[in-house]
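Asker: Quick one: sequence plus predicted model below, questions after.
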Amino acid sequence: MASNRSDRLILVIKIGGGDQFTSGFVEVNPNSKIPAALDKDGPGGSPIRLFESASIVLYLAEKYKRFIPDDFRLKTEAMNWIFWQMGGQGPMTGNFGHFMAFAPADKIEARNYGVSRYGMEVQRLCSVLDRHLDGKHYIVGEEYTIADMIIFPWYHAIHTVYKQTLGIDAAEFLSLDNYSNLNAWASRVFNRPAVKRGLTVCTKGVGKPWLEDDAGVDAGTKGLIESIVGDSKSSKS
């Protein structure tokens, strides 16, 4: 959406280094989690903070009048799936991923329980989505919306992020090949040029690696960067 424009700044927040706990970031998201955003041109021309992924995408869709249906019935259906993602798919997939790939190697019983418990729930959620997508191109029929945007990354993460240290593939473990409608949808979304570009955000240590430099960033914006993440040492002391 708006992040495709060169005047939209994307910051790399190093959660391993504690950037999310600095005073500047906490002012944007008091919950100290990513993603978060600050629109300097918010309602009435005043800055407004945004946190939680669903809130961010909904705000941007409403502001720019894109990727959200005009029809109230279709908009409601999109909201159904956005809240489905926030309340189910995201948390359950994240929990599965933790136990699958990041749980301590010596916590075998806990890891096995977590993988089994959350893995079965991820499979159930995939089945729900697979049945829903039967005969549809996108989550809300033929229209690509913020519902697709918010659901796709978690499914994609199973294929790309959750690699078990013993070499067990998460997608194979969950038998994702069984969900033909879901896989066709995921491929359709993945092959959108903007999605491919979006998947590179914050890689290589920069917000927009497809841009050569930050020459377009004005002094005021650079000051904003410093206020959010620049003084992390003093904020932690």
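Answerer: Received it, and whenever you're ready, just let me know what you need.

Asker: Point to the helix or strand of this protein where mean pLDDT is at its lowest.
Answerer: helix 232-236 (a mean of 41; mean pLDDT, DSSP states H and E).

Asker: Helices of the protein, start to end?
Answerer: Secondary structure of the chain (DSSP state H): helices at 23-28, 53-64, 72-84, 90-97, 108-132, 146-160, 170-173, 180-190, 193-198, 219-225, 232-236.

Asker: what's the closest of those to Asp39?
Answerer: helix 53-64 (7.5 Å; C-beta to C-beta). Where C-beta positions appear, they are placed from N, C-alpha and C, glycine not excepted.

Asker: Summarise which helices and strands that closest one is packed against.
Answerer: Packing partners of helix 53-64 (3 or more C-beta pairs under 8 Å, 6 or more residues apart in numbering; DSSP states H and E): strand 36-39, helix 72-84, helix 146-160.

Asker: tilt between it and helix 72-84?
Answerer: On the basis of axes from the mean of the first three to the mean of the last three C-alpha atoms, to 10 degrees, helix 53-64 is oriented at 150 degrees to helix 72-84.

Asker: Just the C-alphas of helix 53-64, formatted as PDB.
Answerer: Taking C-alpha atoms only, helix 53-64 is exported to PDB below (Å, rounded to 0.1, in the frame of the first residue of the first chain):
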ATOM      1  CA  SER A  53      -1.100  -5.700  12.400                       C
ATOM      2  CA  ALA A  54      -4.800  -5.700  11.800                       C
ATOM      3  CA  SER A  55      -5.200  -2.200  13.100                       C
ATOM      4  CA  ILE A  56      -2.400  -1.000  10.800                       C
ATOM      5  CA  VAL A  57      -3.700  -2.600   7.600                       C
ATOM      6  CA  LEU A  58      -7.300  -1.500   8.300                       C
ATOM      7  CA  TYR A  59      -6.200   2.100   9.000                       C
ATOM      8  CA  LEU A  60      -4.200   2.200   5.700                       C
ATOM      9  CA  ALA A  61      -7.000   0.600   3.700                       C
ATOM     10  CA  GLU A  62      -9.500   3.100   5.100                       C
ATOM     11  CA  LYS A  63      -7.200   6.100   4.600                       C
ATOM     12  CA  TYR A  64      -6.200   5.300   1.000                       C
END
